[in-house]
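Enquirer: sharing a model that was predicted from the sequence below.
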Amino acid sequence: MSNIPRYNSENKYKKAGESLCFLFPGARYQLLILFNYWEVWKPGEKVNYQEALDFLTDLTKFGVNFGLGRIEYLLSLLGNPERSLRVIHVGGTNGKGSIAIMTARILEEAGYKVGLFTSPHLQSYTERYLINRQPITEERFAALMERFKPLLAQMVADGHEHPTEFEVCTALCFLYFYEEQVDFLILEVGMGGVIDSTNVVQNPLVSVITNVTFDHMDYLGDTIAEIASVKAGIIKEGGHVVTAAWYQDALKVIEEHCQERGAALLEVGKDIKWELNEATTAKTSFNLTTPWGVYRDLWVPLAGQHQAVNAATTLGVIEFLRRDHRVAIKDEQIRTGLTESSWPARLELLHENPQIIIDVSHNHDGARTLSAALKGIYQYRNLILVLGMLGDKEREKVVAELAPLATTVIITKPLSPRAGDWEGLADEAGKYVDSVFVIEEISDAVTTAIKEAGSDDLICITGSFYMVASAREFLLEKVPLMKKNA
């Protein structure tokens, strides 16, 4: 009952709502939500983008509530648009976004209309819904949400739990891309796999499990095997699976799921091999070898050796599409698509002299990847680290990975109710570096870093999506940038 909406004291429907709740006490939850809808958004009322967005994000009050029953019922009211889409389903711990964008770019280069659903977003909620790089318009988003409102009320009236924000977000994705008649939908898993909202997809063309490391243990499990079992839930009967998982416990679980369900499996490192040619701050070049051929001198405009692994995983997806699903994609389109695969906030260089990079390293494995890049790619005198993390992450391990590389650490607060004891990170950082600042406002933290930096220093801004997004927005607005497309 803690999620029951609170009435505005001036709500003119309050008296009627309370009367009905008195007469029908067993339906109190449903009635309060229905009357809350009427107050916030009257039937037939046209809404603008901000009103629609406020309505959707307000659904975060229903929290994280796993299970597919709610979204399955909601999609049934919409006519099950997800069943008519050709889906590449991308799960795993890290690298999902990079692999999704690489796959989308290659398919776009091959001439297809490609939908891309990712989360969370950086600057605008519309970024979650892209078709050939173009986000959904604010007007279309508002119009779709207007159609959802009576269906959500109907669900509650029918006795169902209210869908969560991510469930509605995902259902909107299916409806939008279905109505736009995309050729393919690249669908990123939200969290986990087996009971993630995106897993209503019944027959994906390819399922990807990028890797399996420790993250979201409160929801997914305490061991690699437990987490892998949850993520392997996206593997379907007779499906096609690509993974770059390297932990043996994870690989064993994935292989067992594939065997049980008769799914074909390609493993990066075994079936698809990669060889690094060059890694710079601007790009990563490599050779890839699959059972069907060798691809030399490929490159992506993304920094970090891990992007070669992400590209190898992507190539596994493309090989399955070409070989098993007869999707027409030429070798040259693979090459060109990879070169077009830019992705913000992934070791993104926003400024030089001093160098300023931002990266969403929000868990321990991400921090290890970032640490390797800081040691192997960038040249600098001093490292100034700006860090803000959510309270439910392995924060001590992240600090232990990154703080020893820095001369100054600035701790800041992510814009999220999950920030927890964000200031406690300073005590952890103090174990490794003498100069530690605690600055709550993200813009002030970034400004302080710039003031502290010399022209040959490196500022690295990292942590949660919520913090990095705010820092990136501030930098795009306030700091002269070197990037034409920033």
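Expert: Ah, there it is. Numbers count the residues shown, from 1 in each chain.
Enquirer: what comes into contact with stretch 237-255?
Expert: Stretch 237-255 is contacted from outside by 92, 95, 203-213, 223-225, 227-229, 232, 235, 258, 261-269, 272, 309-310, 312-313, 316-317, 320, 324, using C-beta atoms under 8 Å, 6 or more residues apart in numbering. From N, CA and C alone the C-beta is placed, and that goes for glycine too.
Enquirer: buried among those? Make that a ChimeraX selection.
Expert: Selection of buried members from those for ChimeraX, criterion 16 or more other C-beta atoms under 10 Å:
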select :92,95,204,205,206,207,208,209,210,211,212,213,224,227,228,229,232,235,258,263,265,266,267,268,272,309,310,312,313,316,317,320
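Enquirer: just the contacts of stretch 237-255: which are in helices?
Expert: Using DSSP state H, the subset of the contacts of stretch 237-255 located in helices is 224-225, 227-229, 258, 261, 309-310, 312-313, 316-317, 320.
Enquirer: ok, of those residues, which one's closest to residue 182?
Expert: For the ones in helices among the contacts of stretch 237-255, the closest approach to residue 182 (C-beta to C-beta) belongs to residue 317, at 16.4 Å.
Enquirer: return the distance of residue 128 relative to residue 170.
Expert: Going from residue 128 to residue 170 by C-beta to C-beta, to the nearest Å gives 10 Å.
Enquirer: when those two are compared, which one has more neighbours?
Expert: Between residue 128 and residue 170, residue 170 has the larger neighbour count (other C-beta atoms under 10 Å), namely 26 against 21.
Enquirer: how about that one, what does it touch?
Expert: Residue 170 touches 71, 117, 190, 197, 198, counting by C-beta under 8 Å, 6+ apart.
Enquirer: same check on residue 301?
Expert: 282, 283, 339, 340, 341, 342.
Enquirer: re earlier: can you redo the contacts of residue 170 as CSV with distance to residue 381 and pLDDT?
Expert: CSV is the format used below for these (distance: C-beta to C-beta, whole Å; pLDDT from 0 to 100):
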residue, distance to residue 381, pLDDT
71, 51, 96
117, 42, 98
190, 40, 88
197, 46, 94
198, 45, 97
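Enquirer: and these, which of them are in helices?
Expert: Per DSSP H, these map to helices at residue 71.
Enquirer: near residue 276, how many other residues are there?
Expert: Neighbours around residue 276, by other C-beta under 10 Å: 13.
Enquirer: tell me where the model's unsure across the stretch 301-450 of the chain.
Expert: Within the stretch 301-450 of the chain, the stretches with pLDDT under 70 are 392-393.
Enquirer: if you set the cut-off to 90 instead, what comes out?
Expert: 361-363, 365, 390-395, 414-424 (pLDDT under 90).
Enquirer: which stretches of it form strands?
Expert: 348-351, 355-359, 383-388, 408-411, 435-438 (DSSP state E, counting those that start in this stretch).
Enquirer: find the centremost residue of this structure, please.
Expert: residue 119 (3.5 Å; C-alpha atoms, centre = their mean).
Enquirer: the residue lying closest to residue 210 once chain neighbours are set aside and residue 349, how far apart?
Expert: Sequence neighbours aside, residue 92 is the residue nearest to residue 210 in space, at 2.9 Å (criterion: C-beta to C-beta, 6 or more residues apart in numbering). Using C-beta to C-beta, residue 92 is found at 25 Å from residue 349.
Enquirer: cool, residue 436 as well?
Expert: 25 Å.
Enquirer: more neighbours, the two?
Expert: Shown here are residue 436 and residue 349; by other C-beta under 10 Å, residue 436 has more neighbours (20 against 17).
Enquirer: contact partners for residue 294?
Expert: 287, 288.
Enquirer: re the thing from before, which two in the contacts of residue 301 are spaced the farthest apart?
Expert: 282 and 340 (14.3 Å).
Enquirer: which of the two has more neighbours?
Expert: Remark: of residue 282 and residue 340, residue 340 carries more neighbours, 16 against 11, as counted by other C-beta under 10 Å.
Enquirer: hang on, that one packs against residue 109?
Expert: Yes - assessed by C-beta atoms under 8 Å, residue 340 is found in contact with residue 109 at 6.9 Å.
Enquirer: buried sites along the longest helix anywhere in the chain?
Expert: The residue-count maximum for a helix in the chain (DSSP H) belongs to helix 138-157. Neighbour-count burial for helix 138-157 flags 138, 140-142, 144-146, 148-149, 151-153, 155-156 (criterion: 16+ other C-beta under 10 Å).
Enquirer: between those residues, which is closest to residue 452?
Expert: The shortest approach to residue 452 among the buried residues of helix 138-157 belongs to residue 138, at 38.3 Å (C-beta to C-beta).
Enquirer: so what's the closest one up against?
Expert: So residue 138 contacts 48, 49, 126 (C-beta under 8 Å, 6+ apart).
Enquirer: one more pass at 10 Å, please.
Expert: Contacts for residue 138 (C-beta atoms under 10 Å, 6 or more residues apart in numbering) come out as 48, 49, 50, 52, 53, 124, 125, 126.
Enquirer: out of those residues, which is most surrounded?
Expert: Result: residue 52 is most packed of these (other C-beta under 10 Å), 23 neighbours.
Enquirer: my guess is that one contacts residue 146, does it?
Expert: Yes - the pair residue 52 / residue 146 is scored as a contact, 6.8 Å apart, by C-beta atoms under 10 Å.
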